[in-house]
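Trainee: Below are the sequence and a predicted model for it; my questions follow.
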Amino acid sequence: MKETWSLDELYLGFDDPKFQADMDRLEHLLAEFSDITGQLAQMEPKDALVKALRCQEEIQTVSSNLGMFAMLRQSADTRDAKSASTAEKVWDMLAEMEGSSAIFRHFVAKLDNLDELIAADPLLMEYSYLLHNIQADSKYLLSEKEEILLAKMNMSGASAWEQLQANLTSSVPVEYDGKTITLSTVRNMAYDPDPAVRKAAYGAELKCYDRIKDAVAFSLNSIKLQVINECKLRGYKSPLDQALHLSHMKRETLDAMWSAIDEYLPKFWAYYKAKAKALGYEGGLPWYDMFAPMGKNDKKYTIEEARDVILELFGSFDADLQAMGKQAFDQAWIDFYPREGKVGGAFDCGVPSIKQSRVLTNFDGAYGDIVTLAHELGHAFHDRNTFSHRPLNLDYSMPVAETASTFNENIVNHAALAAAQSDAEKLAILESMLMDAAQIICDIYSRYLFETAVFDNRSSEFMPADRLCEMMLEAQKKAYGDGLDHDTLHPYMWLCKSHYYSGSLSFYNFPYAFGGLFARGLYVRYQQEGDAFVAKYKQMLHATTVCDVEDAAKIAGVDLTDRKFWLASLQSLAEDIDQFIALV
């Protein structure tokens, strides 16, 4: 089994004749699409739609292959300057397409016989959801010139402010134990087994923010004001209304989820207080011990052992999932080990043209790395179930993006709990599960409350760094209740989280709560229904790219606007919390 992935099925390298041919092909296709959109008014509507969609399909396939190849190479070696410049060149070429895309969207928006045209052509029938969404989006669409102007101004507006936040947080020096380290390094110390290290790292982290807080506060204020103004210009009621619209999700679903979470918050506070007591504290848990490891699960796995565990568990759920997992391990889909120049963390990248995925991890043999592998292969399985769609029907919205990945985590964690050989091992597994669950409930709720408050205030006031810190503390107190020690919260969570710093993606928080609880609720259904659930689950994954979130869930028998579904998901977590409390 290879330890690094192979990209040969895309290109053998940048000097591969196929790569240069595709670069030339992309340039030709972009010019062709511009010509097509310039002639739409003179063409028969059905022919115009078919011609424009087929050209966009080719652009999507070729640009994805080129961009993914460069991105994957750069992820494996960030020192690869050729990969970085190539990726940038591809995205710059696609940016030039924005004007033509706006013309096409305006053309579709004005068609008053769209259903009749769709019914008359098999290709258009497959793109019915896409075309109807373009029409639905048309009320938020500006003129061609305005769309181009906004896209260009965004480069020196929100995108520039976003880059400033990224640059400042990645370069700010942190003084720790007589050494200068990075912010990411000191934040990772929150997981250190030594309590003295965790506490000192927390103090060093908070202290470093004073160097950059004012500049980042300007970034946040500027981005949020741009979003507010653009929402008004486009006709959205609010940034949240825009986020839900782009997520293809109803407000009733969001309200049902938050209502259920509100009811169960005290249960998560009880988890934090139990952990605090086990660590020797009276009252709430200090922020710096939120990620303190508990229990003991020291077993180390080779990648071959991890493969065997994962494939066995995948097979217990579904033969297709197991077969895809076997293919991933056998056919060099995965880049396993950390090394100099390789990016941290883990991700999955679906490659539709070859109906495969590529997975990056930083495997060190711990149990958590098995969970991470299963998580990323869940994304790959989601992709596998959508690859049969046409090229423009492959994107699913943020709320459902973590469904299959988190579902896989449930498969692995529940099996590990059942097989645990000691209370210490069981406690370690439970703590890992609940630590993540509490983050998607309490932490995400605090982020949602904070961002809501920022948008509510930004139209009438500029919020300096100290005011933003106050607002963050207010949100944390409401979300964490008495589970945490209010004297040791984290006032700068607004500064270090990149999710707030996007001009096109507001409220990048509730999808995490949705994804975690949706997957957990689906796993509860699987426990109830057994094998009968599996076919519905795969059909639902297949549908996530061609229907709204609520309609996809209905395929699995779930009404997302009914808080009972969310309550059942949360109750299963509450039972895990009860186990944890009993063990500690």
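Mentor: Noted; the coordinates are in hand.

Trainee: Following the record's annotation, map out the domains of the protein.
Mentor: 17-156, 157-172+212-267+298-479+504-584 (automatic domain parsing).

Trainee: which residues of the protein score low on pLDDT?
Mentor: Applying pLDDT under 70 to the chain flags no residue at all.

Trainee: What lies in contact with stretch 78-89?
Mentor: Here stretch 78-89 makes contact (Cβ atoms under 8 Å, 6 or more residues apart in numbering) with 14, 66-67, 70-71, 73-74, 77, 341-343. In this view, the C-beta of every residue, glycine as well, is placed from N, C-alpha and C.

Trainee: between those, which has the most around it?
Mentor: For these, neighbours were counted using other Cβ atoms under 10 Å, and residue 70 has the most, 25 neighbours in all.

Trainee: May I ask you to confirm that residue 266 belongs to a strand?
Mentor: No. Residue 266 sits outside any strand when classified using DSSP: H, G, I helix; E, B strand; the rest coil, being helix.

Trainee: Would you confirm that it contacts residue 442?
Mentor: No. Applying Cβ atoms under 8 Å as the test, residue 266 and residue 442 come out as separate, 11.0 Å apart.

Trainee: Look at those two and report which has more neighbours.
Mentor: Higher neighbour count among residue 266 and residue 442: residue 442, with 25 against 13, using other Cβ under 10 Å.

Trainee: Among the domains of the chain, show me which one is buried the most.
Mentor: domain 157-172+212-267+298-479+504-584 (a mean of 19; mean count of other Cβ atoms under 10 Å).

Trainee: got the end-to-end distance for that one?
Mentor: 50 Å (Cα to Cα, to the nearest Å).

Trainee: what does stretch 506-515 give?
Mentor: This stretch, stretch 506-515, spans 17 Å end to end (Cα to Cα).

Trainee: how far does that stretch sit from the chain's center?
Mentor: 8 Å (Cα atoms, centre = their mean, to the nearest Å).

Trainee: again, but for stretch 472-481
Mentor: Centre-to-centre, stretch 472-481 and its host chain are 23 Å apart (Cα atoms, centre = their mean).

Trainee: secondary structure element for the residue lying closest to residue 103 once chain neighbours are set aside?
Mentor: In space, and not counting its chain neighbours, residue 103 is closest to residue 37: 4.2 Å by Cβ to Cβ, 6 or more residues apart in numbering. Residue 37 is part of helix 17-38, with elements assigned from DSSP states H and E.

Trainee: So which residues make contact with that helix?
Mentor: With Cβ under 8 Å, 6+ apart as the criterion, helix 17-38 contacts 11-13, 48, 51-52, 55-56, 58-59, 62-63, 65-66, 69, 90, 93-94, 96-97, 99-101, 103-104, 107.

Trainee: Throw the domains of the chain into TSV and include distance to residue 485, thanks.
Mentor: Conversion of those to TSV gives the following (distance: least, Cβ to Cβ, whole Å):
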stretch	distance to residue 485
domain 17-156	38
domain 157-172+212-267+298-479+504-584	11
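
Trainee: Nearest to residue 5 among these would be which one?
Mentor: Closest approach to residue 5 among the domains of the chain (Cβ to Cβ): domain 157-172+212-267+298-479+504-584, 4.4 Å.

Trainee: which one of the domains of the chain lies closest to residue 286?
Mentor: Closest among the domains of the chain, using Cβ to Cβ: domain 157-172+212-267+298-479+504-584, at 12.8 Å.

Trainee: Can you show me the strands along this protein?
Mentor: 174-176, 179-181, 334-335, 347-351, 356-360 (DSSP state E).

Trainee: counting contacts, what elements does the fourth one pack onto?
Mentor: Applying 3 or more Cβ pairs under 8 Å, 6 or more residues apart in numbering; DSSP states H and E, one finds that strand 347-351 contacts helix 45-76, strand 356-360, helix 367-386.

Trainee: can you check the shortest one too?
Mentor: Using 3+ Cβ pairs under 8 Å, 6+ apart as the contact test, the elements touching strand 334-335 are strand 356-360.

Trainee: What strands line up against the strand it packs on, and which way round?
Mentor: strand 334-335 (parallel), strand 347-351 (antiparallel) (DSSP bridges).

Trainee: Tell me how far the shortest one lies from the chain's centre.
Mentor: Relative to its parent chain, strand 334-335 has a centroid offset of 20 Å by Cα atoms, centre = their mean.

Trainee: tell me the contacts of residue 137?
Mentor: Contacts for residue 137 were tallied using Cβ under 8 Å, 6+ apart; they are 105, 109, 245.

Trainee: what are the ranges of the helices in the stretch 101-250 of the chain?
Mentor: For the stretch 101-250 of the chain, the helices defined by DSSP state H, counting those that start in this stretch cover 114-119, 122-126, 128-137, 144-156, 158-171, 183-188, 195-208, 213-234, 239-247.
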